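In: just to be clear, the model below is a prediction. Sequence and coordinates:
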Amino acid sequence: MCDFHSILGVAIGDTIEIRHDSSNSHSKIAGSLVNQPNRKPIIFEAEWGGDGEQPADSLLIRNRDECPEALVAKIRDHYSLVKKAITTGEHLHTYFRDTKKWSDVWSKAIRDGVQVILPSVFDGDLYLFAWAKLNAPNLTKVGGDLRVYGGAKLNAPKLTSVGGALYVDGAVKLPSLARVFGKLYVDGAVQLPSLARVFGNLYVESLAKLNVPKLARVGGDLRVYGGAKLNAPKLTRVRGYIYVESAAKLKAPKLKRKA
């Protein structure tokens, strides 16, 4: 497995195809398909991160000598599209329009500074690393995890829900975010004025400052670490454990369950 970008070429009879999963795990992509000993291979692993020139076939595709020529061509064409997508944004809304399957391609394009226009619903995981900047005026829902790390910046004024976890260690403007269905991890100064419910754990760490004036319920644990500060004036229920370190501050006057 590589971080980016792994695929499987599949050749069964006269049918050839490309398979992929955003985890870039060959075993996950393959599922029940395996090459049997002493039989003609049916799956061919390929990987390339899109940097520089596309490598030679033997470096791109495992067992290249046994791979059908039509499948070799299909794999090379695929990586040509990947290269264009992560450098110019071309093909993101066509070939790579399945944002769950190809979320790694979208995230790589964003990380590399491509001006990406997100759809209203992004079904997969969305990652912003380093100094990536993303303005997403039409985005209303992220189906997987949303991670904003380091010096990354995200402006998504219409985003209302995150289906997975939300990790914030960067600058975000999410004025409409109401629900996080996974855990919420904050390590920075964050305002989430519309957030009403976190279904998983809520962690506020280091010197983070989280202001959530409408938050009423946390479905998992609540932990405030280090010198972090959490202001949640309407919080009434935490389903899991509550842990607040001595130097941290939790302002939740309506919360009945105290650590």
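Out: Perfect, thanks for sending it.
In: show me the shaky parts of this protein.
Out: Residue ranges of the chain with pLDDT under 70: 1-2, 38, 257-259.
In: domain ranges for it, per the record?
Out: Per the record, the chain has its domains at 6-88, 116-251, by automatic domain parsing.
In: would you mind finding the most buried of these?
Out: Most buried of these by mean neighbour count (mean count of other CB atoms under 10 Å) is domain 116-251; its value is a mean of 19. (C-beta placed from N, C-alpha, C; glycine too.)
In: first-to-last residue distance for that one?
Out: 38 Å (CA to CA, to the nearest Å).
In: the chain should start at 26 in everything you say after this.
Out: Done: numbering now begins at 26, and the last item shifts to domain 141-276.
In: quick check: which element contains residue 106?
Out: Per DSSP states H and E: residue 106 is located in helix 94-113.
In: report all helices and strands that that helix contacts.
Out: strand 31-37, strand 40-44, strand 68-72, helix 82-85, helix 128-136 (3 or more CB pairs under 8 Å, 6 or more residues apart in numbering; DSSP states H and E).
In: in a markdown table: these, plus distance to residue 205.
Out: As requested, the helices and strands packed on helix 94-113 are exported to a markdown table (distance: least, CB to CB, whole Å):
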| stretch | distance to residue 205 |
| --- | --- |
| strand 31-37 | 29 |
| strand 40-44 | 31 |
| strand 68-72 | 33 |
| helix 82-85 | 39 |
| helix 128-136 | 18 |
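In: residue 228 is in contact with residue 205, isn't it?
Out: No - contact criterion CB atoms under 8 Å: residue 228 and residue 205 do not qualify, at 11.9 Å.
In: what's the overlap in contacts for the two?
Out: Counting by CB atoms under 8 Å, 6 or more residues apart in numbering, residue 228 and residue 205 have no contacts in common.
In: excluding chain neighbours, what is closest to residue 217?
Out: Spatially, and ignoring its direct neighbours in sequence, residue 217 is nearest to residue 237 (5.1 Å; CB to CB, 6 or more residues apart in numbering).
In: the one you found: what's it in contact with?
Out: Residues near residue 237 by CB under 8 Å, 6+ apart: 217, 218, 220, 255, 256, 257, 260.
In: returning to that earlier point: quick one, which of the helices and strands packed on helix 94-113 is nearest to residue 197?
Out: Among these, helix 128-136 comes nearest to residue 197, with 14.1 Å by CB to CB.
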